[in-house]
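In: prediction below, plus the sequence it came from.
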Amino acid sequence: MDELLNSQYVVYELAGEKYALKISDVYEIIKMQNITPIHNSKAFLEGIINLRGRIIPVANLHRKFGLPDYTSTKKTRIIVVKSRNEMIGIVVDKVNQVIRFSDIQPPPEMVAGIDGSYFEGVGITDEGVISILNIDKVLYE
Amino acid sequence: MASIFESPEMIGAFIAEVEEQLQMLENSIISLEQNGETEEHVHELFRIAHTLKGCSATMGFEKMKNLAHELENVLDSIRNGFLKISGPVTDVLFDCLDCLRMLKDDYVSDANNIKTDINPVINKLKAITASENKQEDNPDKAGNAEVEHSKSVIFALDTKQREQINHALEIGQNVLVCEISISEDSQMKSTRACLIMNFLNEWGTVVSMVPNVLEVPVDSDICNVAFLVITQMSAAALEHKARNDLMDVSDVKVFPYSVDTAEHVIKAYETETRDMDNASCAKTPGDEKKIVHTVRIDVDRLERMMELVGELVIEQIRIAQVANSLYNRYRSDETVDDLVVISNNISVLINELREKIIKTRMIPIQQLFSRFPRMVRDLSRSLNKEVNLVLEGEETEIDRTIMEEMSDPLIHLIRNAIDHGIEEPEVRRRLGKPEKGTLRITAFHHDSNVIITVEDDGAGIDIQKIKEAAVKKRLVTAQEADSMTEQQLINLIFHSGFSTSQTVSDISGRGVGLDIVKSHVEKLNGIIDVETCAGAGTRFIIKLPFTLAILKGLLVKIGDETYAIPMNNVIEIVRKTNNEIESVNGQAITVIRDKAIPLVWLHDYFGIPRGEEKRNVLVVLLGIAERHFGLVVDGLIGNQEIVVTNLGSYIGKVEGISGATILGDRSVACILDVAGILDMISKKRAAKIHNKQTEN
């Protein structure tokens, strides 16, 4: 947990809930853009985008977690993460800030109705708790 | 010292060299068998055996060296007219070739564990030469044969020899000039010179010599001979060995070879030997081929270059767009004019670069074709058929990945033609056909495609037989079979598990059929057609794209989404009114050029709303392998070059989509996989039928 404690986190929102990703997992954050759908593919795959000449997949975590789907606004972002040596984008409603947690607790069995195994832990801040996603698990399981 | 020969580059170069030489060996033996003995062919064979011996010796590959050496001896006898080319001799040559191949394969898999036993073949080779010696009643001639070794080698270096020398220098061997003075009192100096040459050949490879000791009259009085030797020995070591081991030698001088000394030596000795018959210098015209310098390159590197060029193409399109919009905004600005000109220039350069890289990936189809003569020979022999193989368009260039993929299908078609197509000589004679059947394989370019045809003048496909077999195998019902057109019936041969052969022969009919061919062609986005005429023969026509990395794509709209279709699969685009679309068993069908074509709305499979019904529908007629169907689209955007990008392992394989491409406006379009769509449709239909049945 020490290692987790010392790292910085990107805090973002999905359907009003705050989540965090380790900054080392994040490749970059881009504005929402047109996503080309891939029909007949993974259920929560939103489609593909062009990231400066590279075609990368974009996942919809709202759908994965069974949250109400997003509507694209000015604040909507795509966080590009590097997972298993491949770049994958995830759509988030908003990116808040980069922080360090003063305390990180192991994840409970369920977090806001979502299977706890998707999380590495729960970070404690002054403003409340933020769930830290294990992005590999979320994307591949 | 041995370490350099263990480097992967060295081993790779060695294997490549051996493969090339073996292929040449095969071709030469076959043409020797077909055309009888000609001096050229025997020389060629001898040279190959010699090269194989040389390079395997360099690598310390004893078994191959020994075998090549025996082969060389046999060829030497043939060359000197002591041995006639006959059936048994060519058989042994083929055995020897196979054995060399096995040695090479062993070497590739594990150089330290060569399992192949060369003794049986060596014994056969020895047996031939032994029988020859018995027949030979002129002892003088026989003696000559023993010493005559490298007649084809002369000191005026030709390209091959120069390459050989350069190669030797590159791999760290020494190229030495060895000047030898023969003692005044030596009897039969020319013979002595030959013996010296043989010794030198033991210690290295004599590339050339002046004068050519094999050409000088037996009784001539030569005292000085210069040999050009490739060896691992140093100059001093060779000189020492020569002084000690050679007889009747008064002086030995060894020094490293350089171009200057070579010319000097030629001049010095040519004055002495001017009156000699120099006929062997007059090389056959075929030897004076244009020198093409080549580099072996890793395919992965080429792939990466191709990707980079693909990215360049996309960025170039963007620059052009930016330049245009700037031009519209600041019409009077000269800098913007410059930008537009530069953008155009870059686009021309990129196009050329792309073409060159595509060219770099292309190799003549000859490399594939060259495997066929041997195969056809063996096959026709084992089936007791006579087949004349005609290869055309061997120079046609094709992407190497495509060529590799096409190897199996073509071999299959050839087997099929010889096994099922061409009749036995007896039958052919009765039918008034020439006893020897003809199998013609051609390749040529047509638009941006490569067309390969495999054609035989055999029995043709019996449609009635196909019908019966298909019904028997329950591929179709008797009713369906009756309603099928001739072409549809013929296309049944591509069905998996289909074979018209009554007996399962050694060669084909092991349950593998033309479906293998079909699936390979499909994988390459190609189209296959069959033309057949009962009694007159069958022709398979395969149409393939030039390359897989960049393709001409037709951009279409389905709903609001843009899709790219490989132009290769597009046969034509037609507009049909609603009246012209009929429904048969729930399947929409329209008639295009007298053919009933099923229509497909991808909307239904991709979950895209069909939109309001219009009076006309746009149909893109698509073909993959032998199947055709019409795709209904909502709009045509046009065609353009598209760079194919994989969807990556996260998305994995998606039915109906083969990849994606970035368009000029930076958006991404999926590339439709025509074969995949067909599979998807038949699967969904099968599922529907299944559901209906379970409902009932």
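Out: That came through, no problem.

In: give me every residue that touches whichever residue of chain A sits closest to chain B.
Out: In chain A, the residue that lies nearest chain B is residue A:39 (3.7 Å; C-beta to the nearest C-beta). No exception for glycine: its C-beta is placed from N, CA and C like everyone else's. Residue A:39 sits next to B:605-608, B:654, B:656 when contact means C-beta atoms under 8 Å, 6 or more residues apart in numbering or on different chains.

In: and the helix or strand hosting residue B:563, which strands flank it?
Out: Counting by DSSP states H and E, the element that carries residue B:563 is strand B:561-566. Sheet pairing of strand B:561-566 (DSSP bridges) gives strand B:550-558 (antiparallel), strand B:668-672 (parallel).

In: what sits up against it?
Out: A:36-37, B:525, B:545, B:551-557, B:602, B:608, B:620, B:622, B:631, B:637, B:642, B:661, B:663, B:667, B:669-672, B:674.

In: downstream of it, the next helix or strand is which one?
Out: Once strand B:561-566 ends, the next helix or strand along the chain (criterion: DSSP H and E) is strand B:570-577.

In: excluding chain neighbours, what is closest to the residue in the stretch 551-696 of chain B that chain A sits nearest to?
Out: At 3.7 Å from chain A, residue B:606 is the closest residue in the stretch 551-696 of chain B, using C-beta to the nearest C-beta. Ranked by C-beta to C-beta, 6 or more residues apart in numbering or on different chains and with sequence neighbours excluded, the top spatial neighbour of residue B:606 is residue A:39, at 3.7 Å.

In: in three-state terms, label the one you found for me.
Out: Using DSSP: H, G, I helix; E, B strand; the rest coil, the structure places residue A:39 in coil.

In: phi, psi of it?
Out: Residue A:39 adopts backbone torsions of phi -80, psi 160, taken as degrees, to the nearest 10.

In: would you mind measuring from it to residue B:607?
Out: With the distance defined as C-beta to C-beta, to the nearest Å, residue A:39 ends up 6 Å from residue B:607.

In: quick check: mean pLDDT of the strand holding residue B:563?
Out: Strand B:561-566 comes out with an average pLDDT of 93.

In: so how many other residues sit close to residue B:65?
Out: 17 (other C-beta atoms under 10 Å in any protein chain shown).

In: ok, now which ones touch it?
Out: B:53, B:56-57.

In: tell me which of these is nearest to chain A?
Out: Closest to chain A out of the contacts of residue B:65 is residue B:56 (42.4 Å), distances taken as C-beta to the nearest C-beta.

In: isn't that closest one right up against residue B:71?
Out: No: the criterion here is C-beta atoms under 8 Å, and residue B:56 misses it with residue B:71 at 11.5 Å.

In: next, the residue of the stretch 151-300 of chain B at minimum distance from chain A: phi, psi?
Out: Going by C-beta to the nearest C-beta, chain A is nearest to residue B:300 of the stretch 151-300 of chain B, at 17.1 Å. Note on residue B:300: its backbone torsions stand at phi -60, psi -40 [degrees, to the nearest 10].

In: just the pLDDT for it.
Out: Per the predicted model, pLDDT is 79 at residue B:300.

In: what separation do you get for it and residue B:643?
Out: Taking C-beta to C-beta, one finds residue B:300 at 18 Å from residue B:643.

In: who's more crowded, the two?
Out: Higher neighbour count among residue B:300 and residue B:643: residue B:643, with 22 against 8, using other C-beta under 10 Å.

In: tell me the contacts of that one?
Out: Taking C-beta under 8 Å, 6+ apart as the test, what residue B:643 contacts is B:310-311, B:313-314, B:549-550, B:661-662.

In: cool, and residue B:573?
Out: B:554, B:618-621, B:636.

In: lowest-pLDDT helix or strand in chain A?
Out: Every helix and strand in chain A was compared by mean pLDDT, DSSP states H and E; the lowest is helix A:2-6, with a mean of 65.

In: ok, then the element right after it?
Out: strand A:9-14.

In: would you mark the buried spots in stretch B:364-378?
Out: Buried positions in stretch B:364-378, judged by neighbour count with 16 or more other C-beta atoms under 10 Å in any protein chain shown: B:364-365, B:367-374, B:376-377.

In: and stretch A:92-99, what's buried?
Out: Using 16+ other C-beta under 10 Å as the burial criterion, the residues of stretch A:92-99 that qualify are A:92-95, A:99.

In: actually stretch A:105-122, sorry about that
Out: A:107, A:111, A:114, A:118-122.

In: which residues does it contact?
Out: Contact with stretch A:105-122 is made by A:1, A:4, A:17, A:22, A:65-66, A:104, A:124, A:129-134, A:137-138, A:141, as judged by C-beta under 8 Å, 6+ apart.
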